[in-house]
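J.: please work out how this folds:
(chains A and B, ligands or ions: 2)
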There are 2 protein chains.
Amino acid sequence: MEEYAKHCALDGRLVMVGFGSIGQGVLPLILRHIEIAPERITIVTADERGRAEAEHYGIRFIKEPLTRENHRTVLDPLLGRGDFLLNLSVDVSSVALVELAAEKGAMYLDTCIEPWPGGYTDTSVSPSLRSNYALRESALAVRQRHPDAPTAVITHGANPGLVSHFVKQALLNIAEDTGRDATPPTTREGWAALAKDLNIKVIHVAERDTQISSVPKRRGEFVNTWSIDGFVSEGSQPAELGWGSHEKTFPPDGSRHEFGSGAAIFLNRPGVTQRVRTWTPMEGPFHGFLITHSEAISIPDYLTVREGDTVVYRPTAHYAYHPCDDAVKSIHEFAGKNYVQQETQRLIMDEIIDGVDELGVLLAGHEKGAYWYGSQLSIEEARQLVPYNSATSLQVCVAVLSGMVWAIENPGRGVVEPDEMDYRRCLDICMPYLGPVVGAYTDWTPLEGRNKLFPEDVDSSDPWQFKNVRVI
Amino acid sequence: MEEYAKHCALDGRLVMVGFGSIGQGVLPLILRHIEIAPERITIVTADERGRAEAEHYGIRFIKEPLTRENHRTVLDPLLGRGDFLLNLSVDVSSVALVELAAEKGAMYLDTCIEPWPGGYTDTSVSPSLRSNYALRESALAVRQRHPDAPTAVITHGANPGLVSHFVKQALLNIAEDTGRDATPPTTREGWAALAKDLNIKVIHVAERDTQISSVPKRRGEFVNTWSIDGFVSEGSQPAELGWGSHEKTFPPDGSRHEFGSGAAIFLNRPGVTQRVRTWTPMEGPFHGFLITHSEAISIPDYLTVREGDTVVYRPTAHYAYHPCDDAVKSIHEFAGKNYVQQETQRLIMDEIIDGVDELGVLLAGHEKGAYWYGSQLSIEEARQLVPYNSATSLQVCVAVLSGMVWAIENPGRGVVEPDEMDYRRCLDICMPYLGPVVGAYTDWTPLEGRNKLFPEDVDSSDPWQFKNVRVI
Ligand SMILES: NC(=O)c1ccc[n+]([C@@H]2O[C@H](COP(=O)([O-])OP(=O)(O)OC[C@H]3O[C@@H](n4cnc5c(N)ncnc54)[C@H](O)[C@@H]3O)[C@@H](O)[C@H]2O)c1
Ligand SMILES: NC(=O)c1ccc[n+]([C@@H]2O[C@H](COP(=O)([O-])OP(=O)(O)OC[C@H]3O[C@@H](n4cnc5c(N)ncnc54)[C@H](O)[C@@H]3O)[C@@H](O)[C@H]2O)c1
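T.: Ligands and ions are numbered 1, 2, ... in the order given. So this is what the prediction gives:
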């Protein structure tokens, strides 16, 4: 058996809530890189998925869906000071679990701020309140209520999560390549000043998942390489984006929030219906979907430069996601049924026969044009690296691992977002599992190839206006 | 060997131009149902596809791409009075061949009015001139130049073609089911009056192709169940629709033509980027693509009621096409590259493992709501019925057969469109090859399920406004 470096030891117990694609993928990484005896790990989940794997590793497996009513009773005996609550579920309120962990003195990590079931599509509240912006504000509010809580890392998967660290590395790389000082800033203000100095107008989380399956999608089936419920939920939320200080045209269907940081806006439409133009090195230009994500709010918030109360700099930031082709078909079908979810779902894993999850950040508007920095992990390499994973899940799982390690190493920080963590430590832990991690400049802009076949309403004074990025 | 009814005899020779999915699929039907010796048939095509089939049937196969320069020289020795020119090619000007056939005294049939290569995307001319509207006007103009020409049937495949006959049958069915006189009208004015009397506001050619392949689509590959070049071409043309007299809101990106019948308008965007809401019995509601097609112009033109010069009635009519899932992915990729066609293409035939081509007409706005009438041909049934076919090709091929038979039976009509032919004769020939042909009423409208998750700008005073049908 290969010997893997243990990054740290968890002295307490570990409770994993949810054991779907990410839970199953991360378990071997935790056992490999964190000192913890399997007997001290418990899985609490809602269905049978992953039971065989849990048994394989000798992990206790409790099938007990958590609810608003039962979650404290179920988790109470499993959590105390020094323990770790790892939340990789859907349909369980992250804020409720962050709160519980804080009270119990346990550390916490999740990869998404989930509400209780129905929260994403609760039409009794406004779109503003169904946004990730609102969910993020509610999670950050716990910080005020529990200032001395153990570290609770929120939204630390691949994206949100790892991509915040990619952004920092990309900023340094561009700084270096444009002859600037490339010493890593040590404060939020320092990073924001660097982004402003480089004139980063736009940050896309630009992802192209080319994984394909040997089993074709059937009618009435939603197929994806990670949580279908998770994707359908966030795809039904309003499309959200950090709203940059360089933007000249406010979207006709856009709205600002009446509370919170003010870093992001939303469009009054679900993300699955909004395409945006973006670029990755392997794919070149393509249309991604503007699916809402926490990083589209936390990154531009983190990089905002203010003079007094006035925002003098902020990049536009959003996700531009081309899921696997079968998911593209799935969301076309889903949109065609007015967002009524398909009856069956299939999370592909073993039937993937080829493909790469090309996931990174595209920083644009600076003097060298646009720069993509990220991971090009193939399904073959992912399988060789860690069992129970696809390319998609492994990028998330290794980020979860790195977030856990950082939390264990920094146990008293309260609620933290990826942007506030040590990007270097996290990247170092992740690197061996990301396949080729590349940086690539491009002169592509969203004006390329436009206005040819038909007249298009573009803003040619600045390629990096959201108006140009958006597909109408 | 089974004995099939011969519908008629072709005394002259038959020249088939193009031998792709439709050419290959129609040949066995011609040999089965039209009296003609294989020695009198010649195929002129641009590549090797279908050579084995031609050899199997003992048909002469000439590989010689036709061009603006050579087409008269190549076809001259093959065509004379009483012969038949069957044009099933792409990239060969239909108008040039109609003209040549007229001069030679030969009959003619095609399934699409094709221009010479590049004509669909020639940005040196306006979108109006790249439309099917303009192509149709140019084909109809031949009628004036050759009033005594032999019958030249234009655009007689499944759609355009068969669907014009479906519309007539559907009108009669609705008349009967609403207690009206259901005697078939004998004039254009009669059919138009019937459509007006029934208050048909909208006619969709509503198609859902559910055929799936065992071989997944690869990056950079366009996959479809019929001509990829044909689909890419029409999908790059402006989205076009017959513009109904009930419409209240002219599309902001819409344009009228400055010449011709005035029956249709176009949107200043390619059809592959315009989704529309429609409905078929097996699929229920879905998003189709507003791909331009001749029938979207000829049907509403045919059904127009005028008082003097004033249009008092016309239905809105357009295609609402959900191609096979692999084609949905293909056009997403194609649009993402700003309409630069993928390097490889794969027309699926043998690798289809399941699915139905559900192709019919949805007539809506009348007192019973909406009524779909059409064919639900499965891949299994298509394969049992005729070799060298999929569900998609067979619907086209049998329509080609019926159009040829009608032309041979009515040899002196000059240029005719499907709407001007004998719908009953054509349907009778097609029926045995269409699988279940069903009529189904539905109370679905494009307002169903709308305005729920997000506020939507709908016209609730009339569900059948194009504004409601269009996906924004
Ligand atoms: N940040 C990222 O990069 C990233 C990437 C992928 C997934 N995610 C997030 O990770 C989470 C899990 O994703 P996944 O792909 O593993 O999802 P999945 O659908 O594969 O699994 C979800 C798991 O949650 C469990 N679950 C459902 N309801 C529950 C309940 N009431 N109580 C306890 N467990 C419950 C299910 O049984 C299942 O084990 C989601 O929130 C998703 O959005 C984040
Ligand atoms: N009305 C309908 O329902 C309907 C349905 C399907 C296809 N079509 C039309 O039928 C036509 C053929 O479709 P398909 O699916 O068979 O197409 P395909 O792409 O499978 O085949 C096209 C054929 O045209 C030939 N060709 C190309 N360039 C040529 C040239 N310069 N000279 C001679 N031949 C040439 C090719 O060699 C090939 O045999 C297209 O115009 C298409 O739009 C109509």
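J.: in this structure A:Y302 contacts A:G190, no?
T.: No. The criterion here is CB atoms under 8 Å, and A:Y302 misses it with A:G190 at 11.1 Å. For the C-beta atoms, the positions are set from N, CA and C on the backbone; glycine is no exception.
J.: surely A:I297 is in a helix?
T.: Yes. Membership of A:I297 in a helix is supported by DSSP: H, G, I helix; E, B strand; the rest coil.
J.: residue contacts, the closest residue to it other than its chain neighbours?
T.: For A:I297, ignoring the flanking residues on the chain, the nearest one in space by CB to CB, 6 or more residues apart in numbering or on different chains is A:A264 at 4.3 Å. Neighbouring residues of A:A264 by CB atoms under 8 Å, 6 or more residues apart in numbering or on different chains: A:Y133, A:E240, A:L241, A:G242, A:W243, A:H257, A:A296, A:I297, A:P300, A:D301.
J.: okay, A:A264: pLDDT?
T.: A:A264 is assigned a pLDDT of 98 by the prediction.
J.: if we can go back for a sec, mind checking which of A:Y302 and A:G190 has more residues around it?
T.: A:Y302 (24 against 12; other CB atoms under 10 Å in any protein chain shown).
J.: residues touching the closest residue to that one other than its chain neighbours, list them.
T.: Distances taken as CB to CB, 6+ apart put A:D419 closest to A:Y302, at 4.0 Å, once the chain neighbours are dropped. By CB under 8 Å, 6+ apart, the residues touching A:D419 are A:S164, A:R188, A:S298, A:I299, A:Y302.
J.: for A:P281, same thing?
T.: A:E358, A:W372, A:Q376, A:V438, A:A440, A:T442.
J.: how about CSV for these, with distance to A:R413 added?
T.: Converted to CSV, the contacts of A:P281 look like this (distance: CB to CB, whole Å):
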residue, distance to A:R413
A:E358, 32
A:W372, 31
A:Q376, 32
A:V438, 31
A:A440, 34
A:T442, 37
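J.: for ligand 1, state which of these is nearest.
T.: A:E358 (14.3 Å; CB to the nearest ligand atom).
J.: who does the strand or helix carrying that closest one pair with, and is each partner parallel or antiparallel?
T.: Assigning secondary structure by DSSP states H and E places A:E358 in strand A:356-366. In the sheet, strand A:356-366 lines up against strand A:202-209 (antiparallel), strand A:369-378 (antiparallel) (DSSP bridges).
J.: name the next helix or strand following the first one along the chain.
T.: What it means is strand A:202-209. Downstream of strand A:202-209 (by DSSP H and E), the next one is strand A:212-213.
J.: quick one: contacts of the helix or strand following that next one?
T.: Downstream of strand A:212-213, the next assigned helix or strand under DSSP H and E is strand A:221-224. Residues outside strand A:221-224 that contact it (CB under 8 Å, 6+ apart): A:213, A:217, A:228, A:231-232, A:323-324, A:326-327, A:329-330, A:333-334, A:341-348.
J.: adding distance to ligand 2, write the contacts of A:P281 out as TSV.
T.: Listed next are those as TSV, based on distance: CB to the nearest ligand atom, whole Å:
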residue	distance to ligand 2
A:E358	32
A:W372	36
A:Q376	35
A:V438	38
A:A440	36
A:T442	34
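J.: sec struct for A:I353, please.
T.: A:I353 - assigned by three-state DSSP - is strand.
J.: nearest to ligand 1: which residue in chain A?
T.: A:G20 (1.7 Å).
J.: these two touch, right, that residue and A:E48?
T.: No. The pair A:G20 / A:E48 is not scored as a contact, 11.3 Å apart, by CB under 8 Å.
J.: when those two are compared, which one has more neighbours?
T.: A:G20 (22 against 10).
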